[in-house]
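*Asks:* The sequence and its predicted three-dimensional model are supplied below.
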Amino acid sequence: MTQHAHRMVRHALERRTIEVLSTKRVTAHMQRIIFGGEQLRGFLSAAADDHVKLFFPNPEGELVLPTLGPNGPEFPAGVSPSPMRDYTPREYDAKRCELIVDFVLHGDGPASTWAEQATPGQKIGLGGPRGSFIVADDFDQFVLVGDETALPAIGRRLDELPASARAYVLVEIPEKADRQPLGSQAEFEVVWLERDGVEAAQSDLLERALRQLPELPGDTFYWIAAESRRVRDMRRYLAEERDIPKDWIRATGYWKADGTDDDED
Ligand SMILES: Cc1cc2nc3c(=O)[nH]c(=O)nc-3n(C[C@H](O)[C@H](O)[C@H](O)COP(=O)(O)OP(=O)(O)OC[C@H]3O[C@@H](n4cnc5c(N)ncnc54)[C@H](O)[C@@H]3O)c2cc1C
């Protein structure tokens, strides 16, 4: 039986201040921001679903970043800390020291609100990535499932798959105007699922599409990211109803409908 040995690579924790170089509305609900700055030198992101912590200005408009204390990150006393959220490094150009992050504009929230108004010259904080999960490359195919917050990681995974790979992609988006061009040297098929007014946390388009996916020949790696409850349900379906081995599934809640923070693997 093939091994499918995944690897976890740890990185030294670095904290950086980065500056908006330019912004572009790539689709109806996706704001692309290119960040630059000398502090990006040495930035390393080794896996398609890496994440960084981004620190946004606090309600007073100041960047208040943590320092590393004996018990982990510590914010200075007496000031509001900068809100921090997880984002995917969509692309990093080491020569130019430029990092692309694609932000979903979902409405109110420190990250989404900041991304919508971002203009060149503004600064935010960045930490990580702390680690990279390198998926074994000897699967027969990859099934990539996610909502719009997963699109940066899915797009990057497709960019990085070798020509010998095959991928089936299920992406749920708010509306048709959120479709974006995806490319790969691998053979791949994308199914765009449009919610058209249904709330992201209430939709079941991904779940239904996953259930309709035919049995695939050989070994398949499943990658899933979306709202946390929905991710849990899809992981359970694969494990319990399809008997997919645990190590062949990587399912991560990218956001929670009740707004609390959640990272699960
Ligand atoms: C590993 C990882 C990688 C991620 N990569 C990306 C990425 O590259 N691009 C990206 O856009 N997001 C990404 N996310 C998701 C992003 O971190 C969350 O959507 C985050 O909650 C947004 O923060 P906020 O300050 O805008 O809203 P919050 O303050 O966190 O939430 C405010 C309200 O908005 C709701 N909410 C949050 N996100 C959404 C959403 N997407 N749709 C609808 N309602 C929402 C919450 O339930 C809450 O009610 C990633 C998450 C993880 C864990």
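*Replies:* The structure has been received and is ready for your questions.
*Asks:* For the stretch 101-250 of the chain, what lies in contact range of the ligand?
*Replies:* By C-beta under 6 Å from any ligand atom, the residues of the stretch 101-250 of the chain that approach the ligand are 102-104, 106, 108-112, 149, 152, 200. No exception for glycine: its C-beta is placed from N, CA and C like everyone else's.
*Asks:* when you check these against the strands, which ones overlap?
*Replies:* Per DSSP state E, strands hold the following members of those: 102-104.
*Asks:* now, which of those residues sits nearest Ala5?
*Replies:* Ala5 lies nearest to Asp102 out of these, by C-beta to C-beta, at 30.2 Å.
*Asks:* Confirm for me that that closest one is in contact with Thr149.
*Replies:* No. Using C-beta atoms under 8 Å, Asp102 is not in contact with Thr149, being 9.2 Å away.
*Asks:* re the thing from before, what subset of the residues of the stretch 101-250 of the chain next to the ligand is buried?
*Replies:* The neighbour count (16 or more other C-beta atoms under 10 Å) marks 102-104, 106, 109-112, 149, 152, 200 as buried among these.
*Asks:* So which of those belong to helices?
*Replies:* Residues of those located in helices (DSSP state H): 110-112, 152.
*Asks:* Please tabulate those residues in a markdown table, including the columns pLDDT.
*Replies:* Below are these laid out as a markdown table (pLDDT from 0 to 100):
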| residue | pLDDT |
| --- | --- |
| Pro110 | 97 |
| Ala111 | 98 |
| Ser112 | 98 |
| Pro152 | 98 |
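*Asks:* Now the two most distant members of those.
*Replies:* For those, and using C-beta to C-beta, no pair is farther apart than Pro110 and Pro152, which are 18.3 Å apart.
*Asks:* residue ranges for the helices of this structure, please.
*Replies:* 110-117, 151-160, 205-212, 228-236.
*Asks:* Could you give the average pLDDT over the third one?
*Replies:* What that stands for is helix 205-212. What helix 205-212 shows for mean pLDDT is 98.
*Asks:* Any buried residues in it, and which?
*Replies:* Buried residues in helix 205-212 (16+ other C-beta under 10 Å): 205-207, 209-210.
*Asks:* ok, now which ones touch Trp114?
*Replies:* Each residue near Trp114 by C-beta atoms under 8 Å, 6 or more residues apart in numbering is listed here: 56-57, 124.
*Asks:* Throw the residues you listed into a markdown table and include neighbour count and distance to Val79, thanks.
*Replies:* Converted to a markdown table, the contacts of Trp114 look like this (neighbours: other C-beta atoms under 10 Å; distance: C-beta to C-beta, whole Å):
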| residue | neighbour count | distance to Val79 |
| --- | --- | --- |
| Phe56 | 20 | 14 |
| Pro57 | 18 | 12 |
| Ile124 | 24 | 16 |
